[in-house]
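Q: From the sequence below, what's the structure:
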Amino acid sequence: MTINIVTGVIGSDVHTIGSKLLSYAIRKAGFNVTDIGVSVSQEELINAAIETNSQAILISSLYGHGELDCRGFRAKCIETGLNDIKLYVGGNLVVGKIEWPEVEKKFLDMGFDRVGYPGMTPNQVIEWLEEDLK
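A: Numbering: from 1, shown residues only. Okay, here's the model as predicted:
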């Protein structure tokens with residue numbers, strides 16, 4: 001079974017290296033990855049997931065505004081019929097010095113299934129994908 005995944009860097013963020021490395025590693029692990037690039041909107045991520053029949057959306061954010069950019073994302077997925085899609089988010093997600101457990105809880109409460117901390121390795125993300133989707 002082919003597992004399709006969409007990746008992208010949300011909002012006005014243009015940091016691409018981490019997202020590209022993650023997409024590369026996930027492809028090498030056997031997943032079909034559609035990387036839609038940087039500075040993408042919620043709608044672009046959702047539309048790409050629908051077009052590619054994806055089982056997961058992986059959102060990257062490094063510039064600290066992920067909390068704002070990701071608000072309401074789960075609800076928008078549900079509105080478009082993506083009720084069961086897995087949502088992952090990772091990177092430097094908030095501005096300021098907030099302890100990681102609090103950041104993680106914010107995003108889990110927003111409906112994300114997995115929240116990656118800054119500097120997390122692609123191997124951990126691949127383990128999550130294998131656990132959640134295979």
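
Q: just the helices in the protein please.
A: Listed in chain order, the helices of the chain (DSSP state H) span 17-28, 42-51, 66-69, 73-79, 100-109, 122-133.

Q: and the second one, how far out from the chain's middle?
A: Using Cα atoms, centre = their mean, to the nearest Å, the mean C-alpha position of helix 42-51 is found 12 Å from that of the whole chain.

Q: now swap in the first one and tell me
A: The chain centre lies 12 Å from the centre of helix 17-28; the measure is Cα atoms, centre = their mean.

Q: packing partners for that helix?
A: strand 4-9, strand 32-35, strand 56-61, helix 122-133 (3 or more Cβ pairs under 8 Å, 6 or more residues apart in numbering; DSSP states H and E). In this view, the C-beta of every residue, glycine as well, is placed from N, C-alpha and C.

Q: cool, and the shortest one?
A: Applying 3+ Cβ pairs under 8 Å, 6+ apart, we find helix 66-69 packed against helix 100-109.

Q: And the helix it packs on, what's buried?
A: Neighbour-count burial for helix 100-109 flags 103-104, 106-107 (criterion: 16 or more other Cβ atoms under 10 Å).

Q: and if you look at stretch 84-99?
A: So stretch 84-99, judged by 16+ other Cβ under 10 Å, has buried residues 85-94.
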